[in-house]
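Q: Would you be able to build a 3D model of this:
(one chain, ligands or ions: 1)
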Amino acid sequence: MLSDHNTFAFLNDDFLPLEGAFLHVSDLAIQRGYGVFDFFKVQENQPLFLDQYLNRFYGSALLMDLEVPLTEEALKATIERLIQMNGLPESGIKMILTGGYSANGYEPAAPNLIITQQPLTLPSPEQIDAGLRIITHDYVRELPRAKTINYSMGIRLLQQVKAQQADDVLYHRGGVVTEFPRSNFFLVTKDHTVLTPDKDVLLGVTRRNVLELAGRHYQMQEGTVTLEDIGRAREAFMTSTTKRVLPIVQVNGAPVGTGKPGPVTMHLLQELRALEEAQLKAKPD
Ligand SMILES: Cc1ncc(COP(=O)(O)O)c(C=O)c1O
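A: Numbers count the residues shown, from 1 in each chain. Coordinates of the predicted model:
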């Protein structure tokens with residue numbers, strides 16, 4: 001919930017107090033759920049891996065035939081200004097690009113660009129130690145390479161996740177694993193290969209960074225992962241901007257490996273934290 005009364009948001013050309021940042025009801029995001037977004041972390045008032053997130057944001061917009069109204073340079077300057085105005089050193093920034101104020105409720109118009117910043121909660125040490133219990137569901141997003149604002153399936157499945165005392169739901173198509181509603185999936189095979197699905201997934205920024213880190217220490221592969229592969233795996237984990245690397249200890253009631261967070265998973269979490277630290281240190285003051 002966005003509630004901090006001193007927080008500013010950016011809407012098209014203006015920085016506005018968050019509580020005054022509105023879109024008209026004719027926007028295609030409201031009328032038809034048409035839009036894209038992206039989300040990155042800010043630590044010590046510095047955006048982390050910003051270029052990777054901006055690349056994906058412009059890429060998602062292109063896939064949805066939406067034009068970002070700012071150049072990458074102007075967008076970066078806007079983000080920098082928002083960070084200065086808000087003074088939220090540990091936070092998340094969301095950029096949303098909508099289908100615009102449609103004359104007939106269907107055809108796109110000039111996109112609206114919204115940028116918000118909010119405090120961020122990262123997983124606690126207890127959550128990491130406990131690991132996640134997950135269920136599975138047969139579903140593939142319509143445009144898996146685009147980060148669209150449509151999370152209908154994930155949101156509808158929340159009740160089922162809760163009813164089965166699980167933490168999240170993993171999508172697959174006919175037994176071929178893809179991704180979670182808001183994160184990517186990895187497993188560690190018996191021969192210590194770090195493996196992640198490559199088809200029908202959002203190319204997560206954390207996924208890319210973890211793959212690179214894994215490649216320094218282990219065999220690493222992007223390819224087909226099946227539900228049966230999980231049954232044979234040593235370890236499994238998810239990655240995302242807010243979750244970093246989170247162990248998965250149970251799938252559909254069956255333990256993964258030993259049923260406890262595994263050493264490769266914990267090593268990659270440590271490596272990712274170190275990469276974030278290194279990026280912060282590399283930035284000029
Ligand atoms: C569908 C989907 N897959 C994966 C991710 C993880 O991506 P990232 O690591 O860039 O946060 C997200 C992030 O929200 C997502 O929405």
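
Q: How is the protein partitioned into domains?
A: The record's domain parsing of the chain by automatic domain parsing lists 8-119, 125-277.

Q: Quick one: closest of these to the ligand.
A: Distance to the ligand, taken as C-beta to the nearest ligand atom, is lowest for domain 125-277 among the domains of the chain, at 2.9 Å. Every C-beta, even on glycine, is put in place using the N, C-alpha and C of the backbone.

Q: near the ligand, anything from the closest one?
A: Yes: using C-beta under 6 Å from any ligand atom as the criterion, contacts between domain 125-277 and the ligand involve 147, 179, 182-184, 202, 204-207, 239-241.

Q: Farthest-apart pair in these, please.
A: When these are compared pair by pair using C-beta to C-beta, the two farthest from each other are 147 and 239, 14.8 Å apart.

Q: tally of neighbours for residue 269?
A: Around residue 269 there are 22 other residues, counting by other C-beta atoms under 10 Å.

Q: try the one 3 residues further on
A: Residue 272: 17 surrounding residues under other C-beta under 10 Å.

Q: just to revisit the earlier point, mean pLDDT for the domains of the chain - can I get that in a markdown table?
A: Rendered in a markdown table, the data for the domains of the chain read as follows (pLDDT from 0 to 100):
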| stretch | mean pLDDT |
| --- | --- |
| domain 8-119 | 98 |
| domain 125-277 | 98 |
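
Q: Of these, give the one that comes closest to residue 283.
A: Shortest separation from residue 283 across the domains of the chain is recorded for domain 8-119, at 5.2 Å, computed as C-beta to C-beta.

Q: Pull up the distance across the closest one, start to finish.
A: Taking C-alpha to C-alpha, to the nearest Å, domain 8-119 runs 13 Å from one end to the other.

Q: Now do the buried residues in the longest helix anywhere in the chain.
A: Across the chain, the helix with the greatest residue count (assigned by DSSP state H) is helix 263-282. Buried residues in helix 263-282, counting neighbours by 16 or more other C-beta atoms under 10 Å, are found at 264-266, 268-269, 271-272, 275-276, 279.

Q: Residue 71: which of those residues is nearest?
A: Once C-beta to C-beta is applied, the member of the buried residues of helix 263-282 that ends up nearest residue 71 is residue 279, at 23.3 Å.

Q: Quick check: buried residues in stretch 102-119?
A: Under 16+ other C-beta under 10 Å, the buried positions of stretch 102-119 are 102, 108, 111-118.

Q: now do stretch 255-265
A: Those buried within stretch 255-265 under the rule 16+ other C-beta under 10 Å are 256-257, 261-262, 264-265.

Q: Over to stretch 237-252?
A: Counting neighbours by 16+ other C-beta under 10 Å, one finds that the buried residues in stretch 237-252 are 237-241, 243-251.

Q: Show me which of those residues is closest to residue 38.
A: When the buried residues of stretch 237-252 are compared for distance to residue 38, the smallest value, 9.3 Å, is given by residue 241; criterion: C-beta to C-beta.

Q: Return the residues in contact with the closest one.
A: 39-41, 92, 204-206 (C-beta atoms under 8 Å, 6 or more residues apart in numbering).

Q: Export the residues you listed as TSV, with columns for secondary structure.
A: Formatted as TSV, the entries for the contacts of residue 241 read as follows, by DSSP: H, G, I helix; E, B strand; the rest coil:
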residue	secondary structure
39	strand
40	strand
41	strand
92	strand
204	coil
205	helix
206	helix
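
Q: Grab the two from those residues that are most spread out in space.
A: Distance extremes for those: the farthest pair is 92 and 204 at 14.8 Å, using C-beta to C-beta.

Q: Pairing-wise in the sheet, spell out the partners of the residue nearest to residue 26 when sequence neighbours are not counted.
A: Using C-beta to C-beta, 6 or more residues apart in numbering and skipping residues adjacent in sequence, the residue nearest residue 26 is residue 101, 4.6 Å away. In this structure, residue 101 has the following beta-bridge partners (DSSP bridges): residue 27.

Q: Any idea how many residues pack against residue 101?
A: Residue 101 has 18 neighbours, counted by other C-beta under 10 Å.

Q: I'd say it and residue 109 touch.
A: Yes: Residue 101 lies in contact with residue 109 (C-beta atoms under 8 Å); the separation is 5.1 Å.

Q: Tell me the secondary structure at residue 229.
A: Reduced to three states by three-state DSSP, residue 229 is helix.

Q: For it, give me its contacts.
A: With contact taken as C-beta under 8 Å, 6+ apart, residue 229 is in contact with 177, 187, 189, 195.

Q: Counting only strands, which of those residues make the cut?
A: Among those, the members falling in strands (DSSP state E) are 177, 187, 195.
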